[in-house]
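Chemist: Fold the following and give me the result.
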Amino acid sequence: MRPWLARLTLLAALGAALASPASHAALFGDDEKLDQLRRQVDANEKALQDRISKLEANSADRGAILDLAGQLDQMRSDLARLRGQVEVLLNQIDTAEKRQKDLYLDIDTRLRKLEQPKEQVATTEPAASPDETKAYEAALNQFKLGNYPVAISAFQGFVVAYPTSPLAPSAQYWIGNAYYAMRDYKKAITAQQKVLTSWPDSSKAPDAMLNLASSQDAAGDRSAARKTLEALVQKYPASPAAASAKQRLAQGSRR
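Modeler: Numbers count the residues shown, from 1 in each chain. Coordinates of the predicted model:
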């Protein structure tokens with residue numbers, strides 16, 4: 001305990017004692033009462049000392065506060081690092097979306113073709129039965145709504161139910177597109193390869209090859225993607241997909 005504070009406490013206690021007539025009489029005429037007063041002062045001083053000691057002991061909490069401050073600084077540093085990682089991920093997503101832009105433009109073109117009057121479709125493809133058309137359009141609507149897992153199941157069911165349908169190659173093609181939209185590039189590659197092996201003469205084969213190249217590129221295999229685009233231009237030179245392939249090859253050569 002600080003000496004000046006102890007003396008001040010003692011003087012205050014003695015002053016209070018001397019202020020009363022009874023205490024004054026004790027000091028000058030009653031040694032027993034004087035001893036009692038001294039003991040009371042000592043007790044008061046001890047209680048005050050104990051209280052001050054407790055307050056001083058609490059200064060040990062400063063170390064804990066400093067520890068908490070250090071932890072807070074570390075948390076701020078971790079938060080800044082996480083924000084940086086988020087920025088990197090956002091940039092990667094933006095790059096992937098740019099890659100998909102060409103594909104979705106192609107998809108939109110194919111959708112418009114599918115929505116042409118049936119008389120125009122009949123000039124290029126054999127007519128499908130009403131049941132086939134209904135089942136196919138139901139699956140395609142799920143794709144348009146973005147319900148890709150549902151669309152995949154519906155198109156797979158269509159291929160199983162109508163393997164010889166003129167719409168079967170298109171159904172398999174949209175399976176690949178749905179997997180691509182879900183960023184499951186491995187399954188997208190497998191689905192489009194099935195179009196090329198099962199229906200190589202279908203009007204959907206060039207489109208499937210174009211999507212195959214997109215999937216290979218998105219999966220990180222740019223060499224395979226380039227070879228697929230070159231094969232597309234060579235095998236289906238008059239197709240709209242071949243024109244898109246030429247543009248991509250030109251863009252790739254300028255990188």
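Chemist: Which residue ranges of the stretch 151-255 of the chain form helices?
Modeler: Applying DSSP state H, counting those that start in this stretch to the stretch 151-255 of the chain gives helices spanning 168-181, 185-198, 205-218, 222-235, 240-253.
Chemist: Flag every buried residue along the second one.
Modeler: Judged by neighbour count using 16 or more other C-beta atoms under 10 Å, the buried positions of helix 185-198 are Y185, K187, A188, I189, A191, Q192, Q193, K194, V195, L196. To be clear about C-beta, it is placed using only N, CA and C from the backbone, and glycine gets the same treatment.
Chemist: ok so, going back, in a markdown table, list the helices of the stretch 151-255 of the chain along with distance to G84.
Modeler: As requested, these are exported to a markdown table (distance: least, C-beta to C-beta, whole Å):
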| stretch | distance to G84 |
| --- | --- |
| helix 168-181 | 29 |
| helix 185-198 | 27 |
| helix 205-218 | 25 |
| helix 222-235 | 27 |
| helix 240-253 | 30 |
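Chemist: Name the stretch from the ones you listed where average model confidence is lowest.
Modeler: Least confidently modelled of the helices of the stretch 151-255 of the chain is helix 240-253, at a mean of 87 by mean pLDDT.
Chemist: any residues touching that one, and which ones?
Modeler: The contact list for helix 240-253 (C-beta atoms under 8 Å, 6 or more residues apart in numbering) reads 102, 106, 109, 206-207, 209-210, 213, 222, 226, 229-230, 232-233, 236.
Chemist: And the buried ones among those residues, selectable in PyMOL?
Modeler: Here is the PyMOL command that selects the buried residues among those (16+ other C-beta under 10 Å):
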select buried, resi 102+106+206+207+209+210+213+226+229+232+233+236
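Chemist: Closest one of the contacts of helix 240-253 to A127?
Modeler: Checking the contacts of helix 240-253 against A127 by C-beta to C-beta gives D207 as the nearest, at 20.4 Å.
Chemist: I figured the closest one hits Y173, correct?
Modeler: Yes. Using C-beta atoms under 8 Å, D207 makes contact with Y173 at a distance of 6.0 Å.
Chemist: Among the contacts of helix 240-253, give me the pair with the biggest separation.
Modeler: For the contacts of helix 240-253, the farthest-apart pair by C-beta to C-beta is T109 and R222; their separation is 24.1 Å.
Chemist: for the chain, which spans come out with low pLDDT?
Modeler: 1-35, 37-38, 41, 44-45, 47-69, 72, 88, 90-126, 253-255 (pLDDT under 70).
Chemist: care to break it down by domain?
Modeler: For the chain, automatic domain parsing gives the domain ranges 1-92, 116-253.
Chemist: Please report the distance of P237 from Q251.
Modeler: 19 Å (C-beta to C-beta, to the nearest Å).
Chemist: Likewise for W199?
Modeler: In this view, W199 and Q251 are 29 Å apart by C-beta to C-beta.
Chemist: Which of those two has more residues huddled nearby?
Modeler: W199 (18 against 10; other C-beta atoms under 10 Å).
Chemist: show me what contacts the more buried one?
Modeler: Shown in contact with W199 (C-beta under 8 Å, 6+ apart): A168, P169, Q172, A205.
Chemist: So the last one sits against P169, correct?
Modeler: Yes. In this structure, A205 is within contact of P169 by C-beta under 8 Å, at 7.2 Å.
Chemist: Show me whatever sits in contact with both of those two.
Modeler: What both A205 and P169 touch, as defined by C-beta under 8 Å, 6+ apart, is the set V195, W199.
Chemist: one step back: what's the closest of the helices of the stretch 151-255 of the chain to D78?
Modeler: Smallest distance to D78 across those (C-beta to C-beta): 31.9 Å, for helix 205-218.
Chemist: I would like the residues contacting the closest one, please.
Modeler: Contacts of helix 205-218 (C-beta under 8 Å, 6+ apart): 96, 99-100, 102-103, 106, 110, 169, 172-173, 176-177, 179-180, 183, 185, 188-189, 192-193, 195-196, 199, 222, 224-226, 228-229, 231-232, 235-236, 239-242, 244-245, 248.
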